[in-house]
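Peer 1: Next come a sequence and a model predicted from it.
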Amino acid sequence: MLWSATFAVTALAAAAGVAGVVLSTSPRGMSVSVLAAAVALLLLTLLGMLRRRQGAARAAFAQHQRETERLVLRHQQQLVEREAQWAERAEARSEAVNKALEHLLRVRLSAALAGSPVPPAYDDSALDEVAASLVDGVLAEAASALKRADEREESLRLAVVALSRRVQTAAHSIQESVSLMADRHQHDPDVVESSMRVDHAAAQQARHAQSLAVLCGEWPGQQWQEPLAMVDVVRAASARILAYQRIEVSGDQDVAVAAEVVEPVIHLVAELLANATQSSPPATSVPVTVRRVQRGAVIEIDDGGVGMDAHRLEQARETVSGRRRAGLSDLGEIPQTGLAVVGHYVRRHGFRADLSESPYGGLRAVVLIPAKAVETVEPPEAVATRRPDSPPAGPVRQSEPATAAEPETAGTPASGATLPQRRSRRGQAVAAVPDEPASTSAAPTPEQAGSWMGAFIEGGRTGEEPGLAGTT
(Lines give C-alpha, C1' and ligand atoms only; values in the text may rest on other atoms or scores of the structure.)
Protein backbone atom coordinates (compact mmCIF):
# COMPACT_ATOMS: atom_id res chain seq x y z
CA MET A 1 0.00 0.00 0.00
CA LEU A 2 2.80 2.43 0.93
CA TRP A 3 4.76 1.56 -2.19
CA SER A 4 1.69 2.06 -4.36
CA ALA A 5 0.99 5.51 -2.94
CA THR A 6 4.63 6.54 -3.31
CA PHE A 7 4.73 5.39 -6.90
CA ALA A 8 1.46 7.21 -7.64
CA VAL A 9 2.70 10.50 -6.18
CA THR A 10 6.02 10.25 -7.98
CA ALA A 11 4.28 9.39 -11.26
CA LEU A 12 1.95 12.37 -10.86
CA ALA A 13 4.96 14.61 -10.21
CA ALA A 14 6.69 13.31 -13.32
CA ALA A 15 3.50 13.74 -15.35
CA ALA A 16 3.14 17.27 -14.03
CA GLY A 17 6.70 18.06 -15.02
CA VAL A 18 6.18 16.68 -18.50
CA ALA A 19 2.93 18.62 -18.82
CA GLY A 20 4.71 21.79 -17.70
CA VAL A 21 7.35 21.31 -20.36
CA VAL A 22 4.72 20.85 -23.02
CA LEU A 23 2.48 23.67 -21.92
CA SER A 24 5.13 26.13 -20.80
CA THR A 25 5.86 28.97 -23.24
CA SER A 26 8.64 30.68 -21.40
CA PRO A 27 12.15 29.27 -21.31
CA ARG A 28 12.39 29.53 -17.58
CA GLY A 29 9.19 27.68 -16.93
CA MET A 30 10.23 25.06 -19.37
CA SER A 31 13.51 24.55 -17.48
CA VAL A 32 11.72 24.16 -14.19
CA SER A 33 9.33 21.67 -15.69
CA VAL A 34 12.16 19.68 -17.20
CA LEU A 35 13.99 19.64 -13.89
CA ALA A 36 10.88 18.54 -12.04
CA ALA A 37 10.23 15.80 -14.54
CA ALA A 38 13.83 14.60 -14.28
CA VAL A 39 13.65 14.53 -10.50
CA ALA A 40 10.39 12.66 -10.66
CA LEU A 41 11.84 10.10 -13.05
CA LEU A 42 14.91 9.74 -10.88
CA LEU A 43 12.72 9.16 -7.88
CA LEU A 44 10.74 6.56 -9.80
CA THR A 45 13.97 4.80 -10.73
CA LEU A 46 15.21 4.89 -7.13
CA LEU A 47 11.90 3.66 -5.83
CA GLY A 48 11.97 0.80 -8.32
CA MET A 49 15.45 -0.17 -7.20
CA LEU A 50 14.48 0.05 -3.54
CA ARG A 51 11.41 -2.07 -4.17
CA ARG A 52 13.43 -4.71 -5.96
CA ARG A 53 15.97 -4.74 -3.12
CA GLN A 54 13.23 -4.97 -0.55
CA GLY A 55 11.71 -7.90 -2.44
CA ALA A 56 15.07 -9.60 -2.59
CA ALA A 57 15.57 -8.95 1.14
CA ARG A 58 12.17 -10.36 1.90
CA ALA A 59 12.88 -13.41 -0.21
CA ALA A 60 16.23 -13.86 1.54
CA PHE A 61 14.62 -13.43 4.94
CA ALA A 62 11.92 -15.93 4.07
CA GLN A 63 14.58 -18.35 2.85
CA HIS A 64 16.56 -17.82 6.02
CA GLN A 65 13.48 -18.31 8.12
CA ARG A 66 12.66 -21.52 6.30
CA GLU A 67 16.24 -22.72 6.71
CA THR A 68 16.15 -21.84 10.38
CA GLU A 69 12.93 -23.72 10.85
CA ARG A 70 14.42 -26.69 9.00
CA LEU A 71 17.51 -26.59 11.19
CA VAL A 72 15.42 -26.30 14.34
CA LEU A 73 13.30 -29.24 13.29
CA ARG A 74 16.38 -31.25 12.41
CA HIS A 75 17.96 -30.36 15.75
CA GLN A 76 14.83 -31.38 17.57
CA GLN A 77 14.83 -34.68 15.74
CA GLN A 78 18.47 -35.17 16.64
CA LEU A 79 17.68 -34.40 20.25
CA VAL A 80 14.87 -36.93 20.26
CA GLU A 81 17.08 -39.54 18.64
CA ARG A 82 19.93 -38.80 21.01
CA GLU A 83 17.62 -38.92 23.99
CA ALA A 84 16.32 -42.29 22.83
CA GLN A 85 19.88 -43.54 22.42
CA TRP A 86 20.82 -42.33 25.90
CA ALA A 87 17.71 -43.92 27.35
CA GLU A 88 18.56 -47.19 25.61
CA ARG A 89 22.14 -47.02 26.85
CA ALA A 90 21.00 -46.17 30.36
CA GLU A 91 18.58 -49.08 30.35
CA ALA A 92 21.27 -51.45 29.06
CA ARG A 93 23.74 -50.12 31.64
CA SER A 94 21.19 -50.46 34.41
CA GLU A 95 20.42 -54.02 33.34
CA ALA A 96 24.13 -54.80 33.16
CA VAL A 97 24.70 -53.35 36.64
CA ASN A 98 21.79 -55.39 38.01
CA LYS A 99 23.18 -58.56 36.45
CA ALA A 100 26.65 -57.74 37.73
CA LEU A 101 25.30 -57.20 41.24
CA GLU A 102 23.27 -60.40 41.05
CA HIS A 103 26.36 -62.26 39.87
CA LEU A 104 28.33 -60.67 42.68
CA LEU A 105 25.84 -61.63 45.39
CA ARG A 106 24.84 -65.09 44.21
CA VAL A 107 28.11 -66.32 42.73
CA ARG A 108 31.19 -64.39 43.76
CA LEU A 109 30.24 -63.47 47.35
CA SER A 110 28.79 -66.93 47.94
CA ALA A 111 32.05 -68.47 46.79
CA ALA A 112 34.05 -66.09 48.97
CA LEU A 113 31.92 -66.88 52.02
CA ALA A 114 32.27 -70.60 51.36
CA GLY A 115 36.03 -70.30 51.03
CA SER A 116 35.97 -71.46 47.39
CA PRO A 117 37.83 -69.84 44.46
CA VAL A 118 36.05 -66.65 43.42
CA PRO A 119 34.77 -66.75 39.80
CA PRO A 120 35.65 -63.87 37.42
CA ALA A 121 33.52 -60.75 37.29
CA TYR A 122 30.42 -60.47 35.14
CA ASP A 123 31.45 -59.46 31.60
CA ASP A 124 29.16 -57.15 29.63
CA SER A 125 30.06 -54.41 27.15
CA ALA A 126 27.27 -52.26 28.56
CA LEU A 127 29.01 -52.22 31.95
CA ASP A 128 31.39 -49.28 32.03
CA GLU A 129 34.68 -49.20 33.88
CA VAL A 130 33.33 -47.13 36.75
CA ALA A 131 30.51 -49.57 37.51
CA ALA A 132 32.84 -52.56 37.10
CA SER A 133 35.37 -51.04 39.49
CA LEU A 134 32.61 -50.34 42.02
CA VAL A 135 31.44 -53.97 41.84
CA ASP A 136 35.00 -55.19 42.33
CA GLY A 137 35.35 -52.76 45.21
CA VAL A 138 32.29 -54.21 46.90
CA LEU A 139 33.78 -57.70 46.60
CA ALA A 140 37.10 -56.51 47.97
CA GLU A 141 35.43 -54.82 50.94
CA ALA A 142 33.31 -57.90 51.60
CA ALA A 143 36.37 -60.13 51.43
CA SER A 144 38.21 -57.85 53.82
CA ALA A 145 35.27 -57.82 56.24
CA LEU A 146 35.02 -61.60 55.98
CA LYS A 147 38.70 -61.95 56.73
CA ARG A 148 38.38 -59.73 59.78
CA ALA A 149 35.35 -61.71 60.95
CA ASP A 150 37.22 -64.98 60.45
CA GLU A 151 40.14 -63.63 62.44
CA ARG A 152 37.84 -62.54 65.27
CA GLU A 153 36.06 -65.90 65.18
CA GLU A 154 39.36 -67.76 65.23
CA SER A 155 40.54 -65.66 68.17
CA LEU A 156 37.28 -66.41 69.96
CA ARG A 157 37.61 -70.10 69.14
CA LEU A 158 41.15 -70.27 70.47
CA ALA A 159 40.12 -68.43 73.62
CA VAL A 160 37.20 -70.79 74.22
CA VAL A 161 39.41 -73.82 73.56
CA ALA A 162 42.03 -72.54 76.00
CA LEU A 163 39.43 -71.86 78.68
CA SER A 164 37.72 -75.21 78.16
CA ARG A 165 41.05 -77.01 78.41
CA ARG A 166 41.80 -75.15 81.63
CA VAL A 167 38.45 -76.21 83.04
CA GLN A 168 39.11 -79.79 81.95
CA THR A 169 42.54 -79.73 83.56
CA ALA A 170 41.07 -78.37 86.79
CA ALA A 171 38.36 -81.03 86.74
CA HIS A 172 40.89 -83.81 86.21
CA SER A 173 43.05 -82.38 88.98
CA ILE A 174 40.03 -82.54 91.28
CA GLN A 175 39.41 -86.13 90.23
CA GLU A 176 43.02 -87.08 90.89
CA SER A 177 42.91 -85.40 94.30
CA VAL A 178 39.72 -87.14 95.40
CA SER A 179 41.10 -90.41 94.08
CA LEU A 180 44.17 -90.06 96.31
CA MET A 181 41.98 -89.05 99.22
CA ALA A 182 39.80 -92.12 98.71
CA ASP A 183 42.93 -94.27 98.61
CA ARG A 184 44.15 -92.84 101.91
CA HIS A 185 40.75 -93.23 103.60
CA GLN A 186 39.49 -96.51 102.18
CA HIS A 187 38.18 -97.57 105.59
CA ASP A 188 35.97 -94.48 105.99
CA PRO A 189 32.78 -94.95 103.94
CA ASP A 190 31.75 -91.31 104.42
CA VAL A 191 35.02 -90.03 102.95
CA VAL A 192 34.82 -92.50 100.09
CA GLU A 193 31.22 -91.53 99.31
CA SER A 194 32.04 -87.82 99.43
CA SER A 195 35.02 -88.42 97.17
CA MET A 196 32.77 -90.24 94.74
CA ARG A 197 30.30 -87.36 94.66
CA VAL A 198 33.04 -84.79 94.12
CA ASP A 199 34.49 -86.95 91.35
CA HIS A 200 31.08 -87.23 89.71
CA ALA A 201 30.58 -83.45 89.79
CA ALA A 202 34.06 -82.94 88.34
CA ALA A 203 33.27 -85.43 85.56
CA GLN A 204 30.19 -83.38 84.59
CA GLN A 205 32.25 -80.20 84.64
CA ALA A 206 34.84 -81.82 82.39
CA ARG A 207 32.11 -83.00 79.99
CA HIS A 208 30.75 -79.48 79.58
CA ALA A 209 34.25 -78.16 78.90
CA GLN A 210 34.86 -81.02 76.49
CA SER A 211 31.67 -80.11 74.62
CA LEU A 212 32.90 -76.57 74.04
CA ALA A 213 36.26 -77.84 72.83
CA VAL A 214 34.59 -80.28 70.42
CA LEU A 215 32.32 -77.55 69.03
CA CYS A 216 35.46 -75.49 68.40
CA GLY A 217 36.80 -78.26 66.17
CA GLU A 218 39.08 -79.93 68.72
CA TRP A 219 39.36 -83.67 69.26
CA PRO A 220 37.83 -85.22 72.38
CA GLY A 221 41.31 -85.56 73.86
CA GLN A 222 41.20 -89.22 74.88
CA GLN A 223 41.84 -92.50 73.14
CA TRP A 224 41.02 -96.06 74.08
CA GLN A 225 43.25 -99.04 73.43
CA GLU A 226 40.58 -101.73 73.03
CA PRO A 227 36.94 -101.95 71.93
CA LEU A 228 34.31 -101.38 74.58
CA ALA A 229 30.95 -103.14 74.79
CA MET A 230 28.12 -100.77 73.92
CA VAL A 231 26.30 -101.47 77.17
CA ASP A 232 29.46 -100.34 78.95
CA VAL A 233 29.64 -97.34 76.65
CA VAL A 234 26.19 -96.35 77.91
CA ARG A 235 27.29 -96.88 81.51
CA ALA A 236 30.41 -94.77 80.99
CA ALA A 237 28.23 -92.07 79.42
CA SER A 238 25.76 -92.17 82.31
CA ALA A 239 28.66 -91.60 84.72
CA ARG A 240 29.12 -88.16 83.14
CA ILE A 241 25.58 -86.87 83.74
CA LEU A 242 23.79 -85.75 86.88
CA ALA A 243 20.93 -88.28 87.00
CA TYR A 244 23.00 -91.39 86.30
CA GLN A 245 20.80 -93.45 88.66
CA ARG A 246 17.85 -93.18 86.28
CA ILE A 247 19.57 -94.82 83.30
CA GLU A 248 18.53 -98.40 82.54
CA VAL A 249 20.49 -100.09 79.78
CA SER A 250 19.71 -103.43 78.17
CA GLY A 251 20.34 -105.24 74.92
CA ASP A 252 23.05 -107.22 73.15
CA GLN A 253 26.02 -107.74 75.45
CA ASP A 254 28.54 -108.78 72.80
CA VAL A 255 28.26 -105.69 70.57
CA ALA A 256 31.22 -103.36 71.00
CA VAL A 257 32.48 -100.07 69.63
CA ALA A 258 35.89 -99.90 67.95
CA ALA A 259 38.59 -98.38 70.13
CA GLU A 260 39.14 -95.31 67.93
CA VAL A 261 35.53 -94.11 68.34
CA VAL A 262 34.85 -95.18 71.94
CA GLU A 263 35.36 -91.70 73.37
CA PRO A 264 33.24 -89.91 70.71
CA VAL A 265 30.40 -92.40 71.23
CA ILE A 266 30.59 -92.05 75.03
CA HIS A 267 30.46 -88.27 74.77
CA LEU A 268 27.67 -88.36 72.19
CA VAL A 269 25.55 -90.74 74.30
CA ALA A 270 26.24 -88.69 77.44
CA GLU A 271 24.76 -85.59 75.80
CA LEU A 272 21.66 -87.49 74.68
CA LEU A 273 21.25 -89.05 78.14
CA ALA A 274 21.56 -85.62 79.75
CA ASN A 275 18.81 -84.26 77.49
CA ALA A 276 16.61 -87.31 78.14
CA THR A 277 16.92 -87.12 81.93
CA GLN A 278 16.27 -83.37 81.92
CA SER A 279 13.17 -83.80 79.76
CA SER A 280 11.70 -86.70 81.73
CA PRO A 281 9.90 -86.42 85.08
CA PRO A 282 12.42 -86.75 87.95
CA ALA A 283 10.92 -89.99 89.27
CA THR A 284 11.01 -91.85 85.95
CA SER A 285 13.79 -93.94 84.47
CA VAL A 286 15.31 -93.49 81.02
CA PRO A 287 15.47 -96.80 79.13
CA VAL A 288 18.39 -97.35 76.76
CA THR A 289 18.45 -100.25 74.32
CA VAL A 290 21.51 -101.56 72.49
CA ARG A 291 21.22 -103.96 69.58
CA ARG A 292 22.99 -105.06 66.45
CA VAL A 293 21.43 -104.28 63.06
CA GLN A 294 22.30 -105.09 59.47
CA ARG A 295 24.30 -101.89 58.94
CA GLY A 296 26.02 -101.77 62.33
CA ALA A 297 24.66 -101.22 65.81
CA VAL A 298 21.96 -98.99 67.23
CA ILE A 299 21.52 -97.20 70.55
CA GLU A 300 17.95 -96.12 71.35
CA ILE A 301 17.22 -93.65 74.14
CA ASP A 302 13.62 -92.89 75.18
CA ASP A 303 12.45 -90.15 77.50
CA GLY A 304 9.06 -89.65 79.08
CA GLY A 305 8.84 -85.90 78.65
CA VAL A 306 6.35 -83.80 76.74
CA GLY A 307 8.22 -83.91 73.43
CA MET A 308 8.53 -81.01 70.98
CA ASP A 309 6.28 -79.26 68.54
CA ALA A 310 6.80 -80.01 64.86
CA HIS A 311 8.93 -76.91 64.18
CA ARG A 312 11.32 -77.41 67.11
CA LEU A 313 11.55 -81.14 66.41
CA GLU A 314 12.53 -80.49 62.80
CA GLN A 315 15.20 -78.02 63.92
CA ALA A 316 16.54 -80.52 66.46
CA ARG A 317 16.63 -83.25 63.81
CA GLU A 318 18.57 -80.97 61.48
CA THR A 319 21.11 -80.41 64.25
CA VAL A 320 21.62 -83.99 65.48
CA SER A 321 21.80 -85.34 61.94
CA GLY A 322 24.68 -82.99 61.17
CA ARG A 323 22.85 -81.30 58.30
CA ARG A 324 22.88 -77.98 60.13
CA ARG A 325 26.19 -76.86 61.56
CA ALA A 326 25.89 -75.19 64.94
CA GLY A 327 28.82 -73.08 66.05
CA LEU A 328 29.41 -71.09 69.20
CA SER A 329 27.38 -68.18 67.86
CA ASP A 330 24.36 -70.46 67.34
CA LEU A 331 24.14 -71.73 70.93
CA GLY A 332 22.05 -68.81 72.21
CA GLU A 333 22.24 -66.74 75.39
CA ILE A 334 21.69 -69.91 77.43
CA PRO A 335 24.03 -72.27 75.58
CA GLN A 336 22.55 -75.64 74.63
CA THR A 337 25.52 -77.70 73.46
CA GLY A 338 24.14 -81.24 73.61
CA LEU A 339 22.52 -81.65 70.20
CA ALA A 340 25.23 -79.56 68.53
CA VAL A 341 27.90 -81.92 69.91
CA VAL A 342 25.94 -84.91 68.60
CA GLY A 343 25.76 -83.37 65.12
CA HIS A 344 29.47 -82.61 65.21
CA TYR A 345 30.37 -86.23 65.96
CA VAL A 346 27.92 -87.44 63.32
CA ARG A 347 29.67 -85.40 60.63
CA ARG A 348 33.16 -86.28 61.80
CA HIS A 349 32.80 -90.04 62.25
CA GLY A 350 30.01 -90.98 59.86
CA PHE A 351 27.46 -91.87 62.53
CA ARG A 352 23.75 -91.40 61.96
CA ALA A 353 21.43 -89.81 64.51
CA ASP A 354 17.76 -88.92 64.45
CA LEU A 355 14.94 -87.86 66.75
CA SER A 356 11.33 -88.97 66.65
CA GLU A 357 8.32 -89.33 68.92
CA SER A 358 8.74 -91.93 71.63
CA PRO A 359 6.10 -94.46 72.72
CA TYR A 360 6.71 -93.09 76.23
CA GLY A 361 5.32 -89.70 75.22
CA GLY A 362 8.58 -87.82 74.81
CA LEU A 363 11.32 -88.22 72.24
CA ARG A 364 13.32 -91.18 71.02
CA ALA A 365 16.93 -90.62 70.03
CA VAL A 366 18.43 -93.24 67.72
CA VAL A 367 22.16 -93.43 67.03
CA LEU A 368 23.51 -95.76 64.35
CA ILE A 369 27.15 -96.77 64.62
CA PRO A 370 28.28 -97.96 61.16
CA ALA A 371 29.44 -101.54 60.73
CA LYS A 372 33.06 -100.47 60.19
CA ALA A 373 33.14 -99.13 63.77
CA VAL A 374 31.35 -102.12 65.37
CA GLU A 375 33.11 -105.19 66.73
CA THR A 376 32.16 -108.30 68.67
CA VAL A 377 33.39 -109.04 72.19
CA GLU A 378 32.86 -111.96 74.50
CA PRO A 379 29.69 -111.64 76.55
CA PRO A 380 30.14 -111.26 80.31
CA GLU A 381 29.05 -114.86 80.94
CA ALA A 382 32.00 -116.13 78.91
CA VAL A 383 34.35 -113.73 80.67
CA ALA A 384 33.14 -114.94 84.09
CA THR A 385 34.05 -118.58 83.30
CA ARG A 386 37.74 -117.75 82.97
CA ARG A 387 39.93 -115.01 84.34
CA PRO A 388 41.79 -113.08 81.62
CA ASP A 389 45.55 -113.03 81.69
CA SER A 390 45.38 -109.24 81.81
CA PRO A 391 42.42 -106.88 82.19
CA PRO A 392 41.23 -104.93 79.12
CA ALA A 393 42.93 -101.63 78.56
CA GLY A 394 41.04 -98.40 79.16
CA PRO A 395 41.64 -94.89 77.87
CA VAL A 396 45.26 -93.84 77.47
CA ARG A 397 46.58 -90.41 78.40
CA GLN A 398 49.68 -89.00 76.85
CA SER A 399 51.14 -87.89 80.17
CA GLU A 400 51.02 -91.33 81.76
CA PRO A 401 51.69 -94.86 80.52
CA ALA A 402 48.82 -96.99 79.36
CA THR A 403 47.47 -99.01 82.26
CA ALA A 404 45.20 -101.96 82.36
CA ALA A 405 41.61 -101.34 83.30
CA GLU A 406 39.26 -103.28 85.47
CA PRO A 407 36.79 -105.36 83.45
CA GLU A 408 33.42 -103.65 83.52
CA THR A 409 30.39 -105.65 84.47
CA ALA A 410 28.06 -105.84 81.47
CA GLY A 411 25.61 -108.41 82.64
CA THR A 412 23.23 -106.15 84.56
CA PRO A 413 21.59 -102.91 83.48
CA ALA A 414 22.56 -99.65 85.12
CA SER A 415 20.01 -98.66 87.71
CA GLY A 416 19.54 -96.25 90.55
CA ALA A 417 20.81 -98.77 93.08
CA THR A 418 24.37 -98.88 91.79
CA LEU A 419 26.80 -96.51 90.17
CA PRO A 420 28.34 -97.15 86.75
CA GLN A 421 31.54 -99.18 86.90
CA ARG A 422 34.69 -97.26 86.04
CA ARG A 423 38.26 -98.00 85.06
CA SER A 424 40.94 -98.10 87.74
CA ARG A 425 44.65 -97.49 87.62
CA ARG A 426 44.84 -100.32 90.06
CA GLY A 427 42.93 -102.64 87.77
CA GLN A 428 45.32 -105.50 88.31
CA ALA A 429 45.02 -105.29 92.06
CA VAL A 430 41.25 -105.06 91.91
CA ALA A 431 41.05 -107.96 89.48
CA ALA A 432 43.17 -110.09 91.77
CA VAL A 433 40.50 -110.08 94.46
CA PRO A 434 38.70 -113.44 94.27
CA ASP A 435 35.07 -113.33 93.18
CA GLU A 436 32.44 -113.92 95.84
CA PRO A 437 30.02 -116.78 95.27
CA ALA A 438 26.80 -115.73 93.60
CA SER A 439 24.76 -116.84 96.59
CA THR A 440 26.76 -114.78 99.08
CA SER A 441 24.70 -111.87 100.39
CA ALA A 442 27.01 -110.64 103.15
CA ALA A 443 27.69 -106.91 103.24
CA PRO A 444 31.07 -105.86 101.78
CA THR A 445 33.88 -105.05 104.15
CA PRO A 446 35.22 -101.48 104.32
CA GLU A 447 38.28 -102.61 102.35
CA GLN A 448 36.08 -104.01 99.58
CA ALA A 449 33.91 -100.91 99.54
CA GLY A 450 37.00 -98.72 99.35
CA SER A 451 38.40 -100.72 96.45
CA TRP A 452 35.11 -100.49 94.55
CA MET A 453 34.82 -96.75 95.13
CA GLY A 454 38.43 -96.31 94.07
CA ALA A 455 37.70 -98.14 90.86
CA PHE A 456 34.67 -95.91 90.27
CA ILE A 457 36.61 -92.71 90.91
CA GLU A 458 39.49 -93.65 88.61
CA GLY A 459 37.37 -94.61 85.62
CA GLY A 460 35.52 -92.84 82.85
CA ARG A 461 37.68 -89.75 82.53
CA THR A 462 36.79 -87.30 79.78
CA GLY A 463 39.17 -85.52 77.40
CA GLU A 464 42.38 -83.96 78.72
CA GLU A 465 44.43 -80.88 77.90
CA PRO A 466 46.27 -81.37 74.58
CA GLY A 467 49.54 -81.58 76.44
CA LEU A 468 48.15 -84.13 78.86
CA ALA A 469 45.97 -86.40 76.80
CA GLY A 470 46.30 -88.36 73.63
CA THR A 471 44.08 -87.59 70.68
CA THR A 472 42.37 -89.88 68.26
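Peer 2: Cool, the structure landed.

Peer 1: what's the following helix or strand after the one helix or strand M49 maps to?
Peer 2: The secondary structure element spanning M49 is helix 27-103 (assigned by DSSP states H and E). Once helix 27-103 ends, the next helix or strand along the chain (criterion: DSSP H and E) is helix 109-114.

Peer 1: about what we covered before: now the helix holding M49, how far from the centre of its chain.
Peer 2: Going by CA atoms, centre = their mean, to the nearest Å, the spacing between the C-alpha centre of helix 27-103 and its chain's C-alpha centre is 74 Å.

Peer 1: Could you list the low-confidence segments of this structure?
Peer 2: For the chain, the stretches flagged by pLDDT under 70 are 1-30, 32-34, 36-37, 40, 122, 124-127, 220-221, 329, 332-333, 380-472.

Peer 1: Helices of the protein, start to end?
Peer 2: Using DSSP state H, the helices found in the chain span residues 2-23, 27-103, 109-114, 129-184, 189-215, 230-238, 262-279, 310-320, 338-349, 380-385, 427-431, 446-458.

Peer 1: Could you check how far the nearest residue to V191 once chain neighbours are set aside is from V341?
Peer 2: Distances taken as CB to CB, 6 or more residues apart in numbering put H185 closest to V191, at 4.0 Å, once the chain neighbours are dropped. For every residue, glycine as well, the C-beta is placed using N, CA and C. Going from H185 to V341 by CB to CB, to the nearest Å gives 36 Å.

Peer 1: Same check on A100?
Peer 2: Separation of A100 from V341 (CB to CB) stands at 43 Å.

Peer 1: more neighbours, these two?
Peer 2: It is V341, of A100 and V341, that has more neighbours when counted by other CB atoms under 10 Å, with 26 against 23.

Peer 1: Is the more buried one in contact with V265, as I believe?
Peer 2: No: between V341 and V265 no contact is recorded; they are 11.9 Å apart, counting by CB atoms under 8 Å.

Peer 1: domain assignment for the chain?
Peer 2: In the domain annotation for the chain, the residue ranges read 2-105, 159-430+443-458 (automatic domain parsing).

Peer 1: which non-adjacent residue is nearest V135?
Peer 2: Across the structure, with CB to CB, 6+ apart as the measure, the residue nearest V135 apart from its sequence neighbours is A100 (5.0 Å).

Peer 1: What distance do you get for the one you found to G137?
Peer 2: Counting by CB to CB, the gap from A100 to G137 is 12 Å.

Peer 1: How much space separates M308 from Q278?
Peer 2: With distances taken as CB to CB, M308 is found 13 Å from Q278.

Peer 1: which of the two has more neighbours?
Peer 2: Neighbours per residue (other CB under 10 Å) separate M308 from Q278, with M308 holding more: 17 against 14.

Peer 1: could you list every residue that touches that one?
Peer 2: Contacts for M308 (CB atoms under 8 Å, 6 or more residues apart in numbering) come out as 316, 363.

Peer 1: and if you look at the one 5 residues further on?
Peer 2: For L313, the contacting residues are 307, 355, 363, taking CB under 8 Å, 6+ apart as the criterion.

Peer 1: what do you get for I174?
Peer 2: With contacts taken as CB under 8 Å, 6+ apart, I174 has the following neighbours: 198-199, 202.

Peer 1: From R184, how far off is it?
Peer 2: 16 Å.

Peer 1: related to what we said a few turns ago, quick check: the residue nearest to V135 touching L134?
Peer 2: No: applying CB under 8 Å, one finds A100 not in contact with L134, separated by 9.2 Å.

Peer 1: neighbours around the residue nearest to V191, how many?
Peer 2: Residues near H185, counting by other CB under 10 Å, number 16.

Peer 1: Torsion angles phi and psi at it?
Peer 2: Listed backbone geometry of H185 is phi -120, psi 50, with angles given as degrees, to the nearest 10.

Peer 1: got it, and Q253?
Peer 2: The phi/psi pair for Q253 (degrees, to the nearest 10) reads phi -90, psi -20.

Peer 1: can I assume it is in contact with P379?
Peer 2: Yes: with the criterion set as CB under 8 Å, Q253 and P379 qualify as a contacting pair; they are 4.4 Å apart.

Peer 1: The two: who's more crowded?
Peer 2: When Q253 and P379 are compared on other CB under 10 Å, the one with more neighbours turns out to be Q253, at 20 against 16.

Peer 1: how far away is the residue nearest to V135 from R108?
Peer 2: Taking CB to CB as the measure, A100 falls 10 Å from R108.

Peer 1: Quickly list what's touching both of the two.
Peer 2: By CB under 8 Å, 6+ apart, the residues touching both A100 and R108 are A121.

Peer 1: ok, back up a step: how far off helix 129-184 does the helix holding M49 point, in degrees?
Peer 2: Relative orientation of helix 27-103 and helix 129-184, computed by axes from the mean of the first three to the mean of the last three CA atoms, to 10 degrees: 20 degrees.

Peer 1: which secondary structure elements does helix 27-103 contact?
Peer 2: Counting contacts by 3 or more CB pairs under 8 Å, 6 or more residues apart in numbering; DSSP states H and E, helix 27-103 is packed against helix 2-23, helix 129-184.

Peer 1: and the ones you listed as JSON lines, adding distance to A258?
Peer 2: Listed next are the helices and strands packed on helix 27-103 as JSON lines, based on distance: least, CB to CB, whole Å:
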{"stretch": "helix 2-23", "distance to A258": "125"}
{"stretch": "helix 129-184", "distance to A258": "24"}
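
Peer 1: wait, which of these is closest to A87?
Peer 2: For the helices and strands packed on helix 27-103, the distance to A87 is smallest for helix 129-184, at 17.4 Å, taking CB to CB.

Peer 1: That closest one versus helix 189-215: what angle between them?
Peer 2: Using the same axes, to 10 degrees, the direction of helix 129-184 lies 160 degrees away from that of helix 189-215.

Peer 1: what residue lies at the spatial centre of the chain?
Peer 2: Nearest to the mean C-alpha position of the chain, counting by CA atoms, centre = their mean, stands R325 at 6.6 Å.

Peer 1: Please report the distance of the closest residue to that residue other than its chain neighbours from V214.
Peer 2: When the adjacent residues along the chain are set aside, R325 lies closest to G343, with 7.4 Å between them (CB to CB, 6+ apart). Applying CB to CB, one obtains 11 Å for the distance of G343 from V214.

Peer 1: G361 too?
Peer 2: Remark: distance between G361 and V214 (CB to CB) = 31 Å.
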